[in-house]
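Enquirer: have a look at this prediction, sequence included:
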Amino acid sequence: MKKLIGFIVAIVIIVGGLVILQNVNFNRLGAEQYYTQITGEGTMLKDKDDNGKTYVSYEYKLPAFDKDGKAKTLTFTAQKQLRKNAYLSLFVKNDKGVTSYQEVKKGDIPKKASEKLVK
């Protein structure tokens, strides 16, 4: 009976661990957060894969601010044109640059960074 309970507990732990890992964005782990606002259209970039299929992405080069209001110009790409005037949280790793982003509300941006962004 003890072996059966131990086996069931082990299965629950493994399944729970897998569920948690599925929801973790490793591009954000250990990254610094910066905040920016989309002020114009991104530059369209076209690329082809090995099969000749064309992919389009959009490059943005924007000023961004950390929680203390320190500025840094960051370049990143998106798979679509991002909404003009949208506020973004950018996740930045020193060796890789911007690894992820997400749209945020202005109220979610730290005060010192928010003050530096376009109204």
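Expert: Noted; the coordinates are in hand.

Enquirer: all helices of the protein, in order?
Expert: For the chain, the helices defined by DSSP state H cover 2-22, 111-116.

Enquirer: weakest of these by average pLDDT?
Expert: Among these, helix 2-22 carries the lowest mean pLDDT, a mean of 66.

Enquirer: can you name the residues that contact residue 46?
Expert: By C-beta atoms under 8 Å, 6 or more residues apart in numbering, the residues touching residue 46 are 54-56. Using the backbone N, CA and C atoms, a C-beta is placed for each residue, glycine as well.

Enquirer: then residue 1?
Expert: No contacts exist for residue 1 under C-beta under 8 Å, 6+ apart.

Enquirer: what's the longest strand anywhere in the chain packed up against?
Expert: Criterion DSSP state E: the longest strand present in the chain is strand 54-65. Applying 3 or more C-beta pairs under 8 Å, 6 or more residues apart in numbering; DSSP states H and E, one finds that strand 54-65 contacts strand 32-37, strand 43-48, strand 71-78, helix 111-116.

Enquirer: so which of those is the most surrounded?
Expert: Comparing the helices and strands packed on strand 54-65 by mean neighbour count (mean count of other C-beta atoms under 10 Å), strand 32-37 comes out on top with a mean of 20.

Enquirer: which residues sit against it?
Expert: 62-67, 72, 74, 85-93, 104, 109-110, 113-114, 117-118.

Enquirer: does residue 116 touch residue 65 like I think?
Expert: Yes. Using C-beta atoms under 8 Å, residue 116 makes contact with residue 65 at a distance of 4.7 Å.

Enquirer: and for these two, which residues touch both?
Expert: Contacts common to residue 116 and residue 65, judged by C-beta under 8 Å, 6+ apart, are residue 71.

Enquirer: low pLDDT regions in this structure?
Expert: For the chain, the stretches with pLDDT under 70 are 10, 12, 14-29, 118-119.

Enquirer: alright, I will stop here.
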